[in-house]
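Asks: Build me a model from this:
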Amino acid sequence: MASGESTVQMVDPFLEGLIEELDAILIDARSLAEGLSQPQFNWNPDPRRWSVAQCLEHLTLSLRLYPAEIERMIGEARERATANERPYREGWLSRWVVSGMEPPPRFRIRTRQSVDPDPGLDRDTVMRDFTAAHLKLRELITAADGVSLRHGRMRSPFAPILQFTLGQVLAMNLAHARRHLWQARQVRQHPNFPA
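Replies: Modelled structure (predicted):
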């Protein structure tokens, strides 16, 4: 377990599953970066493909777009649920996008420039920031326990036409992490990866 992780007793089994997924992501990321030199960490197969460092940095930058929105959604879910409003129904398009984030990628999604990672990143800094961003997400998942995951909603920061529920946003961030950890693993397994 990473620093800050602990066994959490959750009311919602879906969220408990997300905590387990997040813990596995932290372990996977550490194993991908472990033992890599700075040149290996920053090596990319070609200029159009990211290095291990860039995959992890992209996840950190992307995840930083969400905490304030997730906190707002948790508050919105509490307010709307207490007003006995009819639960929000998840649309097929939103479910399709979330499942489409899982590796291996079935379609490419153009990233925003703000989450496009720089080359030449420091391994210790990337790993520290990656861990901190994911532990923050862990806190938010824990904070969402007991609220309706269908009531809070937000528009996608990457495709504003799409609207997601609180549950979808949490699940999507973990699927996104798995997608880019898979991508980083492909870099490490590349035949030209430096020894």
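Asks: can you list the weak-confidence ranges in the chain?
Replies: Along the chain, the parts satisfying pLDDT under 70 run over 1-8, 82-91, 93-94, 106-112, 114.
Asks: Go through it and flag its longest helix.
Replies: Determined from DSSP state H, the single longest helix within the chain is helix 166-188.
Asks: Who are the contact partners of Ala177?
Replies: Contacts here follow Cβ atoms under 8 Å, 6 or more residues apart in numbering; on that basis Ala177 touches 25, 29, 59, 63, 134. Using the backbone N, CA and C atoms, a C-beta is placed for each residue, glycine as well.
Asks: Which of those residues has the largest number of neighbours?
Replies: The most neighbours of any of those, using other Cβ atoms under 10 Å, belong to Leu59, which has 27 neighbours.
Asks: Now, the contacts of Ala177 that are in helices?
Replies: Reading helices off those with DSSP H, I get 25, 29, 59, 63, 134.
Asks: out of these, what pair is the most spread apart?
Replies: Spatially, the most separated pair among the ones in helices among the contacts of Ala177 is Ala29 and Leu63, at 12.0 Å (Cβ to Cβ).
Asks: what about Gln54, which helix or strand?
Replies: Per DSSP states H and E: Gln54 is located in helix 52-63.
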